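Here's my sequence, what's the structure:
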Amino acid sequence: MILQAIAIDDEPSALKVLEAHAEKIPFLNLTQSFLNPTEGLAYLQSHRVDVVFLDVQMPDLMGTELAKLLRDIDVQLIFVTAYADYAVQGFQLRALDYLLKPVSLPRFLEACNRALQGQQKRLNQSPSLFIKDGYDWVKVELDELLYIRSDTNLLFFHQAEKTVSTRMTISKALDMLPKGAFVRVHKSYIVAVHAIRKIERHQLTVGQDKIPLASSYKEEVQRLLLG
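Numbering: from 1, shown residues only. From the prediction side, this is the model:
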C-alpha cells in the first residue's frame, strides 16, 4: 500500500524538510506541497488524498480552521507546527498525530506508520509497519509479530519465521504499535497479546520462547488478557 499525501505550510523551508523525509519513506508518496492553504483545500476537494501534513500557524487560514473544513473529507490529518500549545486542539480535531518542528526523520516515520495502520484498518487489511534494517526498509506484518526485544541501541522484531532489527528505542516502538494489541512486559520486551500462551510468576510463554515478566508490568498484562 502506498499512502498518497500532501503538505500545507506557509514556510518553504518547512516544506523542504517534509519533502526530504517523504522521499525516504517507501510507502509514502508526497504528491504536492502547498504554501497557500486555500490552494491545498481546493486540491483536496478534487483529488484522493490519504494523509495531510498540515501546519497550524498560517497567516491567511489557520490550520485548525482548515481542519474544520475537512471534516467531510475522508483524510488523515497530521499537524506539523512549532507550537506545542496547539496539541490539545489538534487532537480535538481528529488529528492522527502532532509533530513539532524541527521534525526528525524517526518521528516523521512514526507518524507515517501510524497513518499506514489507520488506512489499513479502514480497508480491513492486516496491519503492518516499516522499519529500517541497515540500508533496507522491511515490512513487518503485525499479525505475525510475536515480540520485540531491546539490546543496547537495537530492537529485534521476532516473528515466527524471521527476525529483523533496527535502531530505535523500545518506547518509540510501543508508540508505533496498535493500542491494546501489544504490551510492554519488561524494560527490554514488548509482546503481542495474541501470542501469549502462558503467564507464570516471573515469565511468559510467547510462541515457543520464554519472556521475562517484570512485576511492574504484570498488572497491565493481566488486565489485557483477563479483562
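
Mind giving me the packing neighbours of the helix or strand where Leu15 lies?
Following DSSP states H and E, one finds Leu15 within helix 12-23. Applying 3 or more C-beta pairs under 8 Å, 6 or more residues apart in numbering; DSSP states H and E, we find helix 12-23 packed against strand 3-8, strand 28-34, helix 105-122. C-betas here are computed from N, CA, C, even on glycine.

How about the longest one, which residues are buried there?
Just to be clear, that refers to helix 105-122. For helix 105-122, burial by neighbour count (16 or more other C-beta atoms under 10 Å) applies to 107-120.

Who does the helix or strand that that helix is followed by pair with, and is each partner parallel or antiparallel?
The helix or strand immediately downstream of helix 105-122 is strand 128-133, counting by DSSP H and E. If you go by DSSP bridges, strand 128-133 pairs up with strand 136-141 (antiparallel).

contacting residues around the strand it pairs with?
Strand 136-141 is contacted from outside by Pro26, Ser126, Pro127, Ser128, Leu129, Phe130, Ile131, Lys132, Phe157, Gln159, Val164, Thr166, using C-beta atoms under 8 Å, 6 or more residues apart in numbering.

leaving aside the residues next to it on the chain, what's closest to the fourth one?
With C-beta to C-beta, 6 or more residues apart in numbering as the measure, Glu141 is the residue that lies nearest to Ser128, at 5.0 Å, once sequence neighbours are left out.

Compute the number of surrounding residues for that neighbour.
For Glu141, the neighbour count with other C-beta atoms under 10 Å is 11.

likewise Asn124?
6.

try Lys179
Using other C-beta under 10 Å, Lys179 has 8 other residues around it.

Can you report how many residues lie near Glu11?
Neighbours of Glu11 (other C-beta under 10 Å): 15.

I'd guessed it sits against Asp55; true?
Yes: taking contacts as C-beta atoms under 8 Å, Glu11 lies within contact range of Asp55: 7.2 Å.

where in this protein is pLDDT low?
Along the chain, segments meeting pLDDT under 70 span 84-93, 227.

show me what contacts the residue nearest to the spatial centre of it?
With distances taken as C-alpha atoms, centre = their mean, Arg114 lies nearest the centre of the chain, 2.6 Å away. Shown in contact with Arg114 (C-beta under 8 Å, 6+ apart): Leu96, Asp97, Met176.

rerun that using 10 Å as the cut-off
Residues in contact with Arg114, defined by C-beta atoms under 10 Å, 6 or more residues apart in numbering, are Val51, Gln76, Ile78, Leu96, Asp97, Leu129, Asp175, Met176, Leu177, Pro178.

now swap in Glu144 and tell me
By C-beta under 10 Å, 6+ apart, the neighbours of Glu144 are Ser126, Ser128, Phe157, His158, Gln159, Ala160, Glu161, Lys162, Ala192, Ala195.

Pick out whichever of those sits closest to Gln45.
Ser128 (30.3 Å; C-beta to C-beta).

what about the residue of the chain most remote from its centre, distance to Asp209?
Distance from the C-alpha centroid of the chain peaks at Arg201, with 32.7 Å (C-alpha atoms, centre = their mean). Distance, Arg201 to Asp209, by C-beta to C-beta, to the nearest Å: 17 Å.
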